[in-house]
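Enquirer: Got a sequence here, can you build the structure:
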Amino acid sequence: MRGVQRSLGVHRHTLAIWLMERVARLPAFGTSVKPAKADDVLELDELWSFVAKRHQKRWLWVALCRRTRQIVAFVIGDRSARTCRNLWKRIPPAYRHCHSFSDFWHAYQQVITTGKHRSVGKESGETAHVARWNNTLRQRIGRYVRKTLSFSKSDKFHHLVTKWYIYEYNLSLTT
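Expert: Numbering: from 1, shown residues only. Okay, the predicted model is just below:
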């Protein structure tokens, strides 16, 4: 936001208010997601960023539909089973019946007990789309780059920017 402030000559507090209002006006997140089909497959993954200091990690957990390439659910938290459970609750019910793949992180095995979930290694290619999406996110939003000078100073703005990006990303795939 400081870069935008310098470039456009708009005070960052004005930008912050605009951002909060913009995200507040977004329709419900589910409206950006295409309906599930019986043969859909979900890819689940998590990636870290930080707020204020590098040791204050925040994990973005996402569920990506392989067919549509859309993010059907996301949550920001720690890397615990509790956060994984929150992600699972946010996945639309029609998508919870789909086959899903994730890495071997123990939280997935603790939470997802549908019998249609498999933990796989990167070499399997079953989580390649979500890994690619993680790379795209890191390219587009500076606060998700591993070694960067860009970072969020508050959890509130970290979540707002992430939500807005995912919402706009999903909408770009509906046309």
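
Enquirer: Tell me how far H129 lies from W59.
Expert: 19 Å (Cβ to Cβ, to the nearest Å). In short, each C-beta sits where N, CA and C put it, glycine included.

Enquirer: Remind me what the helix or strand that contains W59 packs against, helices and strands.
Expert: Under the criterion of DSSP states H and E, W59 resides in strand 57-65. Under the contact criterion of 3 or more Cβ pairs under 8 Å, 6 or more residues apart in numbering; DSSP states H and E, strand 57-65 touches strand 41-50, strand 71-77, helix 81-90, helix 128-140, helix 155-172.

Enquirer: can you do 6 Å?
Expert: strand 41-50, strand 71-77, helix 128-140 (3 or more Cβ pairs under 6 Å, 6 or more residues apart in numbering; DSSP states H and E).

Enquirer: For the first one, which residues meet the burial criterion?
Expert: When you say that, I think you mean strand 41-50. V41, L42, E43, L44, D45, E46, L47, S49, F50 (16 or more other Cβ atoms under 10 Å).

Enquirer: Likewise for the longest one?
Expert: Residues of helix 128-140 classed as buried: H129, V130, W133, N134, L137, R138 (neighbour count, 16+ other Cβ under 10 Å).
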